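Undergrad: need coordinates for the below:
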Amino acid sequence: MFYSFHFYCIYHLINMKSSLTLLCLVVWVNVDASSAQTEYCGKPEGAGRRMQLIPDRERYENGDQVEYGCLAICKNGEWDKTIKGKDYCSKPEGADTRMLLIPDRERYENGDQIDYGCLSGPNTGSRGKATCKNGEWSKTIECQASCPDPPSIENGDFIKEKRDEGITEVYYQCSRRYTLSFTGSIRCQNGIWPSPPKCLRPCEISTFDAEYNLQNLPMKDNIAHGEKKTLQCKEGYYHKYKRFGWNIVEIEVKCDDGEMQYGEHKPICKFMSCKGTPISVR
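TA: Purely as a prediction, here's the structure:
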């Protein structure tokens with residue numbers, strides 16, 4: 001309730017000299033609050049200490065809106081006040097492109113109800129109702145975008161496709177001797193596919209030249225990605241391993257996406273003399 005005061009003044013002639021006396025009475029009058037409006041609001045009481053404001057300003061004009069949330073502090077293993085759930089719901093995901101909402105707002109308070117209809121995706125034409133409760137919609141609102149064809153992969157293809165309530169799942173398989181970078185499947189959700197697996201290349205043992213002096217080296221042999229193979233030096237030949245002497249006759253190699261991995265040195269064997277000195281054989 002607002003109050004104002006009014007002045008009521010009376011003029012009175014005192015004597016023949018026409019001196020003037022002014023008598024003023026003060027009267028308090030109740031004024032309706034609706035008739036007295038300020039042009040702006042300050043921060044709410046407790047802002048900053050117990051409350052977070054968005055946007056946070058010192059002054060808000062008439063018509064400005066703020067979002068606010070109470071702050072809680074953990075003390076001795078307990079919160080200093082009861083933390084309540086979110087008191088509003090945002091628009092459902094995809095509302096701007098895939099569905100029609102009645103009423104259509106950016107924010108819905110707890111208890112608000114909407115009617116929705118799907119404009120695209122596998123559920124096109126379907127309708128439903130949902131209610132905002134504690135910041136969550138009472139039911140899942142699904143109007144997913146339809147999924148395009150699964151992504152293709154080099155040296156492989158998908159072999160199995162599964163569709164279930166707007167979600168498409170596919171499994172991949174590589175060509176012979178190629179290896180999947182990861183096993184399992186990928187799933188399309190809301191019209192988007194994740195990156196598919198890759199088909200990793202095998203390795204050819206024949207890439208080693210005859211000058212490597214390896215024993216029983218096949219004309220052509222393939223090992224899959226991730227596999228290991230043990231190569232042997234010819235009789236009388238040895239391989240040097242790291243800082244040790246020329247005393248290694250077996251060499252382990254590993255295939256990594258078409259490239260042979262063999263550590264610090266190439267798997268080259270050299271002939272050893274009786275004194276243990278390697279001899280270059282041409």
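Undergrad: distance of E106 from K91?
TA: Per C-beta to C-beta, to the nearest Å, E106 is found 6 Å from K91. For every residue, glycine as well, the C-beta is placed using N, CA and C.
Undergrad: more neighbours: those two, which one.
TA: Shown here are E106 and K91; by other C-beta atoms under 10 Å, K91 has more neighbours (16 against 8).
Undergrad: let me see the contact set for that one.
TA: Shown in contact with K91 (C-beta atoms under 8 Å, 6 or more residues apart in numbering): 101, 105-106.
Undergrad: tell me which of these fall in strands.
TA: Here DSSP state E is the test, and the contacts of K91 give L101 as lying in strands.
Undergrad: give me every residue that touches P196.
TA: For P196, the contacting residues are 150-153, 158, 172, 186, by C-beta under 8 Å, 6+ apart.
Undergrad: again with K43
TA: For K43, the contact set (C-beta under 8 Å, 6+ apart) comprises 53, 57-58.
Undergrad: and the contacts of P196, which are buried?
TA: Using 16 or more other C-beta atoms under 10 Å as the burial test, those include 150, 153, 158, 172, 186 as buried.
Undergrad: which of the residues you listed fall in strands?
TA: 158, 172, 186.
Undergrad: pretty sure the first one contacts V170?
TA: Yes: under the criterion of C-beta atoms under 8 Å, F158 is in contact with V170, at a separation of 4.2 Å.
Undergrad: hmm, back to that, highest neighbour count among the contacts of K43?
TA: Within the contacts of K43, neighbour counts (other C-beta under 10 Å) peak at L53, which reaches 15 neighbours.
Undergrad: name the element that one belongs to?
TA: Using DSSP states H and E, L53 maps to strand 51-54.
Undergrad: what's the following helix or strand after that strand?
TA: Remark: after strand 51-54, the chain's next helix or strand is strand 59-61, criterion DSSP H and E.
Undergrad: in that following strand, which residues are buried?
TA: For strand 59-61, a neighbour-count test (16+ other C-beta under 10 Å) marks Y60 as buried.
Undergrad: identify the residues contacting that strand?
TA: Counting by C-beta under 8 Å, 6+ apart, residues outside strand 59-61 touching it are 39-42, 66.
Undergrad: can you do 10 Å?
TA: Residues outside strand 59-61 that contact it (C-beta atoms under 10 Å, 6 or more residues apart in numbering): 39-44, 53, 66.
Undergrad: now do stretch 173-185
TA: For stretch 173-185, using C-beta under 10 Å, 6+ apart, the contacting residues are 153-162, 169-172, 195-203, 222-227, 255, 257-258.
Undergrad: between the ones in strands among the buried ones among the contacts of P196, which is nearest C74?
TA: Minimum distance to C74 across those is 41.1 Å, recorded for I186 (C-beta to C-beta).
Undergrad: and that closest one, what does it touch?
TA: 150-151, 158, 168-172, 193-197.
Undergrad: one more: K234?
TA: Residues in contact with K234, defined by C-beta under 10 Å, 6+ apart, are 212-217, 249, 269, 271, 281.
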